[in-house]
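S.K.: 3D, please:
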Amino acid sequence: MTFDRLVCANCAAPVSEGRCPVCRANRQRMQQEGPLAGLNPVTLVALLLVLIGALALLAHQA
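M.R.: Purely as a prediction, here's the structure:
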């Protein structure tokens, strides 16, 4: 999940705005984790299978 959709339980504002120390800390932590950190394992496996399928198709055509 991206932090632009999260609402802080401390101040009830969007975490992306960083209004309170809790928001700022969570925003900083989520930015450091990277773009794939928010994806669940099922999505990552599905992306991997699509990539393998595309590579197999390319290898078969060559």
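
S.K.: what about the strands in this structure?
M.R.: Counting by DSSP state E, the chain forms no strands at all.

S.K.: need the longest helix for it.
M.R.: If you go by DSSP state H, the chain has its longest helix at helix 41-61.

S.K.: And that helix, what's buried?
M.R.: Neighbour counts using 16 or more other CB atoms under 10 Å place no residue of helix 41-61 among the buried ones. (C-beta placed from N, C-alpha, C; glycine too.)

S.K.: from the chain's centre, how far out does that helix sit?
M.R.: 20 Å (CA atoms, centre = their mean, to the nearest Å).

S.K.: swap in stretch 18-27?
M.R.: The answer for stretch 18-27 is 18 Å, by CA atoms, centre = their mean.

S.K.: How about stretch 22-38?
M.R.: That offset, for stretch 22-38, works out to 9 Å (CA atoms, centre = their mean).

S.K.: again with stretch 7-19
M.R.: How far stretch 7-19 lies from its chain's middle: 18 Å, per CA atoms, centre = their mean.

S.K.: Can you show me the CA trace of that stretch as PDB?
M.R.: Provided in PDB are the C-alpha atoms of stretch 7-19 (Å, rounded to 0.1, in the frame of the first residue of the first chain):
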ATOM      1  CA  VAL A   7      -4.800   7.900   7.100                       C
ATOM      2  CA  CYS A   8      -3.000   8.500  10.300                       C
ATOM      3  CA  ALA A   9      -4.700   7.200  13.500                       C
ATOM      4  CA  ASN A  10      -3.000   9.900  15.500                       C
ATOM      5  CA  CYS A  11      -4.100  13.000  13.700                       C
ATOM      6  CA  ALA A  12      -6.700  11.600  11.200                       C
ATOM      7  CA  ALA A  13      -4.900  13.300   8.300                       C
ATOM      8  CA  PRO A  14      -3.400  11.700   5.200                       C
ATOM      9  CA  VAL A  15       0.100  10.300   6.000                       C
ATOM     10  CA  SER A  16       1.500  11.800   2.800                       C
ATOM     11  CA  GLU A  17       0.900  15.300   4.400                       C
ATOM     12  CA  GLY A  18       3.100  14.500   7.400                       C
ATOM     13  CA  ARG A  19       1.200  16.700   9.900                       C
END
